[in-house]
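sequence and predicted model, in that order:
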Amino acid sequence: MGPLVLIVDDELSICDNLAAFLEDEGMRTEVAHSGEEAVQRVTDGLAVDVCVMDLRLPGINGAQAILEIHEREPRARFIVHTGSTSDKVLAELARTDVGRLPVFSKPLKDMTRISETVRALWTAA
């Protein structure tokens with residue numbers, strides 16, 4: 001059984017496409033469309049292995065959601081998947097217990113790279 005990947009993005013088509021691709025790669029997926037929803041899912045007991053997080057989300061942003069999920073599920077690993085070009089947020093995250101995160105820019109042209117990164121993070125945990 002592969003890792004459980006939580007995909008957090010407010011764009012439904014991105015969630016659907018990424019989930020379908022990762023499932024074809026043998027991974028289990030869950031989807032959340034806001035930072036609050038993602039945090040609530042983990043609070044309710046979702047034992048996520050890897051979280052693919054957009055930074056720009058309605059409500060709490062992706063960086064805050066990462067910190068809150070990490071607090072509840074310290075073994076979870078994170079990948080940033082964003083159209084944002086702000087390195088400031090990533091630098092701020094790097095100074096926390098979360099550390100430096102792999103970043104993939106939207107639109108993702110080669111989803112194989114993200115699946116390889118999910119597997120690498122999962123096996124290193």
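That came in fine, so what should we check first? Numbers count the residues shown, from 1 in each chain.

who touches the helix or strand of the chain with the lowest mean pLDDT?
In the chain, the helix or strand scored least confidently by mean pLDDT, DSSP states H and E is helix 87-94, which has a mean of 79. Residues from elsewhere that reach helix 87-94, judged by C-beta atoms under 8 Å, 6 or more residues apart in numbering: 55, 61, 63, 66, 67, 80, 99, 100, 101, 103. All C-beta atoms are positioned from the backbone trio N, CA, C, and that covers glycine.

what's the lowest-pLDDT member of those residues?
Within the contacts of helix 87-94, residue 99 has the lowest pLDDT, namely 81.

where's it relative to residue 31, distance?
25 Å (C-beta to C-beta, to the nearest Å).

likewise residue 71?
Residue 71 is 21 Å from residue 31, by C-beta to C-beta.

what of residue 116?
For residue 116, the distance to residue 31 - C-beta to C-beta - is 21 Å.

neighbour count for those two, which is higher?
Under the neighbour definition other C-beta atoms under 10 Å, residue 116 and residue 31 were set side by side, and residue 31 has more, 19 against 12.
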